[in-house]
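Q: Coordinates for the following, if possible.
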Amino acid sequence: MVLSDAPNGASFRVVKVALRKEVGKRLADMGFTEDAEGAVVRSGFFRGPLQVRIRGYDILIRRDEAGGIEVLPVGDWSAVKDAGKILRRKKIATRNADFSRQVPRAKLEPPPKAPETPAKLPAETCHAGK
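A: So this is what the prediction gives:
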């Protein structure tokens, strides 16, 4: 299994980093080494980056880079997935309840209309006659 498939809140143990060159070396420097344990804190919208807590640090990594890190699940990931579904349902229900309790706003009156004919200026302020 790869890290990009891990749900939010799931704990894992790194098996190996399959990425080569500079990216793999950089991940190893940040703590993604064999037998290191970590957890997925959260993930971005639309399969965006993952926030991973490993060795006491929070690291944001791209989803494609997380796909190159092989992990073993620690604990039961199905419970984490179910909890996420329940939390989403509660958030939606709470949000809908908040909308129903809102106090209606006072209606704003439109500003008064400007007069249709322009006001005439006194002759001394007008330079057109000179």
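
Q: what sits against the closest residue to Ser43 other than its chain neighbours?
A: Counting by C-beta to C-beta, 6 or more residues apart in numbering, the nearest residue to Ser43 once its immediate chain neighbours are dropped is Leu50, at 5.0 Å. Every residue, glycine included, has its C-beta placed from N, CA and C. Leu50 makes contact with Leu3, Ser4, Ala6, Val40, Arg42, Ser43, Gly44, Leu60, Ile61, Arg63, Ala66, according to C-beta atoms under 8 Å, 6 or more residues apart in numbering.

Q: Please list only the buried members of those.
A: Leu3, Ser4, Ala6, Val40, Ser43, Ile61, Ala66 (16 or more other C-beta atoms under 10 Å).

Q: ok, which stretches of this structure are strands?
A: 11-17, 37-43, 50-54, 57-61, 69-74 (DSSP state E).

Q: Relative to Gly31, which of the ones you listed is closest?
A: strand 50-54 (4.7 Å; C-beta to C-beta).

Q: the inter-axis angle of that closest one versus strand 57-61?
A: 150 degrees (axes from the mean of the first three to the mean of the last three C-alpha atoms, to 10 degrees).
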